[in-house]
Every structure is written in structure tokens, then in C-alpha cells.
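Enquirer: Task: produce atomic coordinates for the following.
(one chain, ligands or ions: 2)
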Amino acid sequence: MKIFIGGAWPYANNSLHVGHLAALLPGDIIARYYRKKGDEVIYVSGTDSHGTPITMRAKKEGISPEEIATYYHNEFADCFNKLDFSYDLYTRTCEEFHKKGVQEFLKQIMANGYIYSQTEKQDYCPNCQEFLSDREIEGTCPYCGGIAKGDQCEQCLTTLNAKELLDKHCKACGHSTILKDNTHLVFALSKFQNEIQQLVDSSTDKWRLHAIGESIKYLNNGLIDRVITRQLPWGVDTPFEGFEDKKIYVWVEAVLGYLTAGKKVAEERGIDFSEFMKNSDDLLTYYTHGKDNIPFHTIIFPALLLALKENIKLPDYIISSEYVNINDEKISKSKGNGVIVKDLISEYDSDTIRYYMIANGPERKDINFSYEDLEQNHDKHLVGEYGNFVNRNLAYLIKKFDGIVPTGEMDSKISDIIDKIYILVGKNIEKGNLRNAIGQIFELVQIANKYYDEKQPWILVKENIEEFNNVTYTCINLIANIANMLEPFIPKSTNKVFNMIGVNETSWKQIVVPQNIKLKDVEILFTRINEKKVKTR
Ligand SMILES: [Zn+2]
Ligand SMILES: [Zn+2]
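Expert: Ligands and ions are numbered 1, 2, ... in the order given. Below you'll find the predicted structure:
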């Protein structure tokens, strides 16, 4: 199989918070799983360097947009690296190859007849003497009466057209806006109404429920053509004559980044990317992002793909996450209550963070993040269940047998259970049901601990050495297989376990540990957070 995974492109205008992490982490687990299965995976993402929020912030702080974009890009890349994300490429939209790629795609879409020009009255601030982009306008939402930016209502989350807003004024200076003629390029989104409807109808078992719901909402309102050029100094240049002063709107170029970044990876591997992405049963495509990004991935991106007429596969799986709340409140910049990923990494191990964000991930409803809950999850599951099973077995063998694992026979019932769990977990990962997947692995951990408690190897060692050997060998096999299944989720501890028992199997099937191995570098897998805190105080 061929697998394409696109992680959403975080905006380079602020630090990553736990909501971003919850939305992006599923992509890494899916990528690691398929690589383990031996499939050819292309997993890409990058920093969205353009867009009005960045230009606006640069203006406010008196520095260049590029400086801001670079600062956050480096921060994001460092966070993903420290959290063991396995992107094949984490790039950014201000790279030359991306800009050129987007321009080529747009020329093709234009040649296919899906881009046209249109002169329209546009919001203009007479005080700043500038045409304003949607985000530079503030006004009242016509649907709920809340405060809305030009492109989206902050309160009811409806995506808006700036024309619909009431009481419009310039966000920068507060002056009321006027309308003035401006010529823009428009993408004929409305022409794809039927094809997108078909896509949504055929995806009900693969997309997350809210992705289906949100897309149907748009389709029922009728898809409308959308302006794709902006009057901005920073962005991807428009590749058409007469539009040299304009840039491509980020909602077009950022999603096309999946193709430019994917192509870059394919080139480095010496494979043909357009062949790789062709619509076929051999290819599965996944897109992971937060729920505020749904329509860009379920409607706009597929429509752009269709407009290219290259027979590129439309999204198979939409892995869209709900929100992460902090102390039961929505994360908001104005409240400053977001938990910043950078801070989280400085305090906790990557496996602790990854485990917590997946085992409690916002797959079907919003979740609540708290440090207390994260620490309890770590202590209870990673230390108390998984770590305990590994340590009680390995430490005993070090102490009593100089680290030599005795020759024994694997318990066939346990072996059958392991086989079954590989299949169940694999199916859940493939569908993006990662909470269930990791839950099933931890059921195996519980089975393992129960097996150990019932067999009482510390008594068998005195009374029935043959049975002791069998039980111990079975437990070592359980450890190897649990670690192998957990690798997509918490890779760091898996590497430690593999190193201790000398296994480096990397496929998604039952590992059979060789007889008579000698353990090495045995160490405690996870330390209790609460104990550690007491000690350091
Ligand atoms: Zn103004
Ligand atoms: Zn509203």
C-alpha cells in the first residue's frame, strides 16, 4: 500500500498550544504504524508562513513578517522534533519550491477554466489608505450577533464572507470602512458542488462525524465561488499578468502545500509523485487537523484537486479533532489560558505527553486538559501498569539470573491473544480511532500483569523451574510485543525496551523473542511524577 498523510500547517503567528498538538499527533501515529507494516508512507506538514495575522502582527511590532514566520517556524520544528514527530518533511510555505509549485498549480487550474477575474467593490480604509483583507476587518456576525472577523465568527464559528458582516470597521485604526473597486481572481468553487457532495456521501464511514456534519452544512448552503487573491506585501506572488501587486490567499496555497511538500519527498526518494497520488485502491490518504480547519480539507482542497484534472486521489480519511479546553474553558488568545507545547516539553517526557494526548484525545468531543490529569495518567498507566510489568520481570532476571532469560515455551493462549490484539489495534489505527487502539494495548498490559500475578513466578522458581522458565519467557514475549504495538504511540520507551531485551523487530506482527538472550542496560522505564517532584523540592 501507499499512504499519504498531511498534517495541518500551523500559523506562524503564535506558539503551538495543546489544541494543535491534539490535532496533529494522530498523523504521526498513523505514519509510524504504516511504516511498521512495511507500507510506503509520505507524511508531510509545515509552517504556514503567510496570511494576514502574521502581516498584522509584524506591522504592530515593527518587524518584517519573515522574522516572525522564521521565529515561530523554528519553534514549531523544535517542538515536533522533541515530541518525536516522524514527518518525512516539515517545511514552510515561504520556501521557493512551495511558491513555484503553487504557481504551477494555479496556472493549470486557470488553463482548465476554473479561475476568472472579477472587479468588485472591496472594503477600503480611507484612514490607512489600504484595501483590507477579511481579517483586517471587524464587525458584527449576521447569524449570532457576536463579534466576528471578516472570514469567521469567533462566537458561532460560521465561516463568513466579509460582505455579510454588519457595522464594519478597520481593525487597525477603528475607522469605518468604505467600498472601492478592485480586480481579483476568483476560484469557481460552485462548479464542484456535485462532485464534493458525492465525496462527502461516500465518506460517511471514514470521516469523523463532525467533518461530515460541517461539510453537509456548506453543501446545503450551496458552494460559492471564492476570491483567491489578496492585497498583501507578503505571500505567494500571483503568477498572472495584471495581478503583480497581489498575493495568493493562504487558504489556497497552504492546502496545496500537501502537494508541494509531498512532491519534494517523492523527488528525494526518486519516485513519481503524481503517479503516487493517482486515484487508486493502492493509495490511502489521511488529513489530520482541528475542527476549525474542516471545510478547507473537505471542500476547498478536494475542489482544488478536482480543478487540477490530474486524477489525484481525494481525501480518504479526515481525522479532524475537537477542541482541547483548559479548566473547562475554550483556549483563547485574549484569556491567555492556552497550554503552550514548548512549556509542556520542558517539564514532561515526550512519551508522557503523547500518551496523555492520545489516550484522552478529542476524537468525538471536546476534552479538558489539566496538569493534574496528565500526571495521574502517567503515574497510573505508564508507571503503574506498563512500566511495572516491564520492571518486575526484568529487574528479577537481573537480580536472580544475571540478566539471562531462561529457555522456555511461549504460552499458546497468550500468543493467540497477542495476535488478536495486533489485528484489533491495527484496524483502529487505520480508521483513526486512536483512543480505542491505545486502550486495547493497555488491556493487553492488564492481561500481562494478571498473568504474572496468577502464575506467581517468584514461587514457581522454587517449586517448578520448568514452569518458571515458560512463564518468564512468555512474559518477555509480552513485553516485546506490547512495546512493539506501543511504538507508534510512545516510541521513546519502546526503543528503551527493545534495547534492554535486544530486539529490533519492526513489523506489525507478533515478535518471537530469541531463546537465551541476555538483558542489558536495564533501567526503570517510567518514574512516578509525583515522587520525582517530592524529591526535587
Ligand atoms: Zn484603518
Ligand atoms: Zn456568529
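
Enquirer: how near is K99 to ligand 1?
Expert: Distance, K99 to ligand 1, using C-beta to the ion, to the nearest Å: 29 Å. Every residue, glycine included, has its C-beta placed from N, CA and C.

Enquirer: Get me the contact residues on this protein for ligand 1.
Expert: Residues of the chain lying close to ligand 1 by C-beta under 5 Å from the ion are C125, N127, C128, C170, A172, C173, H175.

Enquirer: which among those residues gets closest to L259?
Expert: Proximity of the residues of the chain next to ligand 1 to L259 (C-beta to C-beta) peaks at A172, which lies at 34.0 Å.

Enquirer: got the contact list for the residue in the stretch 351-500 of the chain that ligand 2 sits nearest to?
Expert: Closest approach between the stretch 351-500 of the chain and ligand 2, counting by C-beta to the ion: D366, at 18.4 Å. Applying C-beta atoms under 8 Å, 6 or more residues apart in numbering, we find D366 in contact with E322, Y323, V324, N325.

Enquirer: hmm, back to that, would you mind listing which of the residues of the chain next to ligand 1 are buried?
Expert: Buried members of those, scored by 16 or more other C-beta atoms under 10 Å, are C125, C170, A172.

Enquirer: could you give the mean pLDDT of the helix or strand harbouring V445?
Expert: In this structure, V445 sits in helix 434-455 according to DSSP states H and E. Average pLDDT, helix 434-455: 98.

Enquirer: Next: stretch 11-23.
Expert: For stretch 11-23, mean pLDDT rounds to 94.

Enquirer: Which residue of this protein lies farthest from its centroid?
Expert: In the chain, counting by C-alpha atoms, centre = their mean, E463 sits farthest out from the average C-alpha position, at 51.9 Å.

Enquirer: how far does stretch 93-113 sit from the chain's center?
Expert: Distance of stretch 93-113 from the chain centroid (C-alpha atoms, centre = their mean, to the nearest Å) equals 25 Å.

Enquirer: buried set for it?
Expert: Applying 16+ other C-beta under 10 Å to stretch 93-113 flags T93, C94, E95, H98, K99, G101, V102, Q103, F105, L106, I109, M110 as buried.

Enquirer: Give me the phi and psi for the third one.
Expert: Put plainly, it is E95. Note on E95: its backbone torsions stand at phi -70, psi 140 [degrees, to the nearest 10].

Enquirer: The first one now?
Expert: The main-chain torsion angles of T93 are listed as degrees, to the nearest 10 and equal phi -80, psi -10.

Enquirer: Please list all residues in contact with it.
Expert: Counting by C-beta under 8 Å, 6+ apart, T93 touches W9, G46, T47, D48, S49, H50, K99, V236, V250, E253, A254, G257.

Enquirer: For those, give me a markdown table that also has secondary structure and distance to A307.
Expert: Converted to a markdown table, the contacts of T93 look like this (DSSP: H, G, I helix; E, B strand; the rest coil; distance: C-beta to C-beta, whole Å):
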| residue | secondary structure | distance to A307 |
| --- | --- | --- |
| W9 | coil | 20 |
| G46 | strand | 22 |
| T47 | strand | 25 |
| D48 | strand | 21 |
| S49 | coil | 24 |
| H50 | coil | 21 |
| K99 | helix | 19 |
| V236 | coil | 17 |
| V250 | helix | 18 |
| E253 | helix | 14 |
| A254 | helix | 16 |
| G257 | helix | 16 |
